[in-house]
Each structure stands twice: as structure tokens, then as C-alpha cells.
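Undergrad: Output the structure for:
(one chain, ligands or ions: 2)
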Amino acid sequence: MSKKCNLRDLVSNFKFEGEFIVSQDHKCGHINDTYILDFKNEDGSIRKYILQRINSDIFKNPEELMDNFKKVTTHIVEKIVQANGDPLRETLNIIPTKDDKTFYKTEDGDYFRALVFIEGARTYMMVERPEHLYTAGKTLGKFQEQLSDFSVEDLYETIPDFHDTKKRYEAFIDAVEKDKKGRVAFCLDDIAFAMKRAKDTELLVNMLEEGNLPLRVTHNDTKFNNVMIDDITGEGIALIDLDTVMPGLSLYDFGDAIRSGATTALEDEADLSKVKFNIDLYEYFTKGYLESAKYELTETEIEYLPFSAKLITLELGIRFLTDHLNGDSYFKVQRKNHNLDRTRNQFKLVADMEENMDDMKAIIQKYCVMETV
Ligand code: GN1
Ligand code: MG
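TA: Ligands and ions are numbered 1, 2, ... in the order given. So this is what the prediction gives:
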């Protein structure tokens, strides 16, 4: 948080209830800054809220972003109410500013938003038991279903070309050619790994352009630690981090969930002997997802689900490598070569998925056939 910006003053701009007590830095996520705020109610009980600084270097138009956020959550709340659910737990809810805006802009130009803290649930950096991925699959299926009647034209692109893998690949080649930080010589094998798979980066983008895949409202950042899981029931209750909800491919959402969930190590684990694609976890997610989303998906979407997992993993590896070559200006880093470690970790998963591709396809078939019998 910028020095000029006093937290107590900042907090006083939002319609929080109770007396502000303390804030805690929630060191999660590579882009925004997140704080958990404790407020004391009149009866002495503590109530928590989320405060976030939106990274406006990356999200160039936070006002449009918050417009999307408001529209999407309003739509989801309607669906939750229709299903007799709890709208304060099953999606994110904005706490408005005192002048009823969805964000507060400081004198320094920083954008902050406040959200209801979801009680009795948490996210996990890694899957702790296989059922976690089954419920994550169901949560994604439900999210896609809730937004299936939301018009794609009503949303801004908060980051243009976010999952345009062709453009991501071009940006990577540009970073290799410029070699701004003189790092190319130290990652020739990683660069070769990505270059060997250049053709893969064109496939889905071309299919979308040719009208063979539908454009839908998608989440675009479905990593496992964006699924809120209920502490008591162990069920996924909400998909959070809605900054990149925009027009996209359902395949990216499936792919990113597999990338981040069906693995045996954290995303930045540098010891590659610990990093493996886990096909059993892939099966758990697939089962949950296809149980709740299957009838929404076209045959072509279903066919490309296994490939999408590999593609999104390759895409993120390429994004990490591009950032490493450009001098770590996008993803937050905590150590030397952090983005390179992340790259190698993702590329290890890509190689594993390539080896397992036939089995991954067979699992999709298994759950599609089971449903139609
Ligand atoms: C970023 O910051 P976070 O964790 O929400 C990134 C995603 C990546 C992810 C990898 C806007 O998400 O695309 O998949 O890191 N978000 C943006 O952990 O670039
Ligand atoms: Mg995010």
C-alpha cells in the first residue's frame, strides 16, 4: 500500500459495519494486493471483510473491471436466490463506498474495492484430498451454468487477448529476440521446449475464429486456489477472483483448473522430481465437471478438454518464461529465477500430460458414455 495512503482513512471510505480493529496482509495471488480487515460489532463479535488494491498496471481500466464485477455478481446472486442458496456465501459481494461506488480511487491513483469475507470456508494452495477436485469440478460446472444466459456483449475485456495463445507465443518470441536482461543463454532448453510446441498455440484460437468453438462468458483464472471450500461439508461453494470474467472459451477454464489442481506440487516448486501430473486427480475433476456442465458443452468442446489442459499449462509456462526474459515485471517474484522455476514446473506438467494424453481422452469418454446409458 502506498505510504501516503493511511489504511484507517482508506477504510473510512467504505460502508463497513462496526469499528475497524486490524488488517492482515493476505499474501496470495500474483497480481493484486489483498488485506483481511477485522471489525468489532457492538456485541463485541468480530466481523471480517476483504480489501483489495486492484493492480492497474495490469488491469488498465479498473472502472470497467468493476462494472463487469458488479454485473456478473448481480446475475449470479439472482441464480443463487432462485436455487434457495445463500448469496452472501456462494459468490462475492461488493461493499460499496460511502458514495455508493464499487471502488475507491485514492489521490495517488490507486484503486481499492471491498468485499464481504466468506465465513466458514477457505481456499487451498494445493489439493489435500481427491474429493477437493471433484467438488472443484462441480463448482466450475455450476459457475458456467449460472452465467450461460449472460450475454457476452455485456462484458468488457479486462485484459485484452488474455488467453490468446497465439499472441502469447508472439510476445514470447519477441522477448527472446530482445533478450533485455541477457537471460536467454541460461534458458535455451526451456525456450526450445516452447518453440517445439508453437503449433499447439494456434489450434483453439483458430477454431474460435473459424466458428468451431463458441464464445462464452468464462472465468479465465480457475486455478484451484480460487475455489472456496466449505470447512464443514468439504463442498466447493464459490469460484472467487472474478477480475478476468469476460468472453472466452470454456476450455480455458477446464484447462486451468486441471493445470493447477491435478499436480503433486506447488506452482513454483523448483525440485522437478516432486512435480507430476496426477491423472487420478484429473479424473476426479472431470467427473465433477461433466456431471454439472456436460449438457452445456458442444461435442467439439468435449473433444478438446484434454488438449485444453495441456495448452493452458503450456501458455502459463510461456507467460512465466516471457516475464523472466523481460525482467519480472508482471508476476510478483520473491526470489531469483522465480519465474524460471515456475516455467520449468509448468513445462514438466506439459510433458507429463503429453505422455498421458490417451488416458486423459479415455477418461472424458468414460464419463460422457456413462451419462448417456
Ligand atoms: C495470476 O494473481 P492470480 O493468482 O489471481 C494470473 C493468472 C495465472 C496465475 C498463475 C490477471 O493470477 O492468469 O494463471 O497468476 N492472473 C492474471 O498462478 O494475469
Ligand atoms: Mg487473479
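
Undergrad: So which elements touch the longest helix anywhere in the chain?
TA: Ordering each helix of the chain by length in residues (DSSP state H) puts helix 338-372 first. If you count contacts as 3 or more C-beta pairs under 8 Å, 6 or more residues apart in numbering; DSSP states H and E, helix 338-372 packs onto helix 188-196, helix 279-293, helix 299-303, helix 305-326. C-beta here means a position set from N, CA and C on the backbone, and glycine is covered the same way.

Undergrad: who's in contact with the very next helix or strand once past the first one?
TA: Tracing the chain past helix 188-196, the next element assigned as helix or strand by DSSP states H and E is helix 200-209. Helix 200-209 is contacted from outside by 164-166, 168-169, 213, 215, 249, 251, 300, 304, 307-308, 310-311, 314-315, 318, using C-beta atoms under 8 Å, 6 or more residues apart in numbering.

Undergrad: could you flag which of those are buried?
TA: Buried by 16 or more other C-beta atoms under 10 Å: 164-166, 168-169, 213, 249, 251, 304, 307-308, 310-311, 314-315, 318, out of the contacts of helix 200-209.

Undergrad: wait, which of those residues is closest to ligand 1?
TA: The closest of the buried ones among the contacts of helix 200-209 to ligand 1 turns out to be residue 315 (C-beta to the nearest ligand atom; 8.6 Å).

Undergrad: Relative to ligand 2, how far out is that closest one?
TA: Distance of residue 315 to ligand 2, given as C-beta to the ion, to the nearest Å: 15 Å.

Undergrad: ok, now residue 25?
TA: Applying C-beta to the ion to residue 25 and ligand 2 gives a distance of 17 Å.

Undergrad: Just read off the phi/psi values of that residue.
TA: Dihedral pair for residue 25: phi -70, psi 120, per degrees, to the nearest 10.

Undergrad: circling back: and the longest helix of the chain, which residues are buried?
TA: Neighbour counts over helix 338-372 (16+ other C-beta under 10 Å) mark 338-350, 352-353, 356, 360, 363-364, 367-368 as buried.

Undergrad: and that helix with helix 188-196, angle?
TA: Orientation check (axes from the mean of the first three to the mean of the last three C-alpha atoms, to 10 degrees): helix 338-372 against helix 188-196 gives 40 degrees.

Undergrad: and the angle for helix 338-372 with helix 200-209?
TA: Using the same axes, to 10 degrees: helix 338-372 against helix 200-209 is 50 degrees.

Undergrad: Is helix 338-372 in proximity to ligand 1?
TA: No. Helix 338-372 lies apart from ligand 1 when judged by C-beta under 6 Å from any ligand atom; the minimum separation is 8.0 Å.

Undergrad: I'd like to know which of the helices and strands packed on helix 338-372 is closest to residue 116.
TA: Residue 116 lies closest to helix 279-293 among the helices and strands packed on helix 338-372, at 24.7 Å (C-beta to C-beta).

Undergrad: counting contacts, what elements does that closest one pack onto?
TA: If contacts are counted by 3+ C-beta pairs under 8 Å, 6+ apart, helix 279-293 sits against helix 131-146, helix 250-261, helix 338-372.

Undergrad: need the contact list for residue 91.
TA: 73, 76, 77, 80, 238.

Undergrad: So which of those belong to strands?
TA: Under the assignment DSSP state E, those contribute residue 238 to strands.

Undergrad: State the pair within the contacts of residue 91 that is farthest apart.
TA: Across the contacts of residue 91, the two members that end up farthest from each other (C-beta to C-beta) are 77 and 238, 11.2 Å apart.

Undergrad: Comparing those two, which residue is more hemmed in?
TA: Neighbours of residue 77 and residue 238, each counted by other C-beta atoms under 10 Å, are more numerous for residue 238; the result is 24 against 18.

Undergrad: Quick check: residue 77 vs residue 276, distance?
TA: 39 Å (C-beta to C-beta, to the nearest Å).

Undergrad: hmm, I was thinking of residue 91
TA: 33 Å.

Undergrad: distance of residue 253 from ligand 1?
TA: Computed as C-beta to the nearest ligand atom, to the nearest Å, the residue 253 to ligand 1 distance reads 11 Å.

Undergrad: For the spatially closest residue to that residue that is not a sequence neighbour, give me phi and psi.
TA: Once flanking residues are discounted, residue 253 sits nearest to residue 222: 4.6 Å by C-beta to C-beta, 6 or more residues apart in numbering. As for residue 222, its main-chain torsions (degrees, to the nearest 10) stand at phi -90, psi 30.

Undergrad: Who are the contact partners of residue 222?
TA: With C-beta under 8 Å, 6+ apart, residue 222 has these contacts: 140, 239, 252, 253, 254, 256, 257, 260.

Undergrad: of all these, which two lie farthest apart?
TA: The widest separation within the contacts of residue 222 (C-beta to C-beta) is 13.6 Å, between 239 and 252.

Undergrad: and stretch 226-241, how far out from the chain's middle?
TA: 14 Å (C-alpha atoms, centre = their mean, to the nearest Å).

Undergrad: Please work out the average pLDDT along that stretch.
TA: Averaging pLDDT along stretch 226-241 yields 97.
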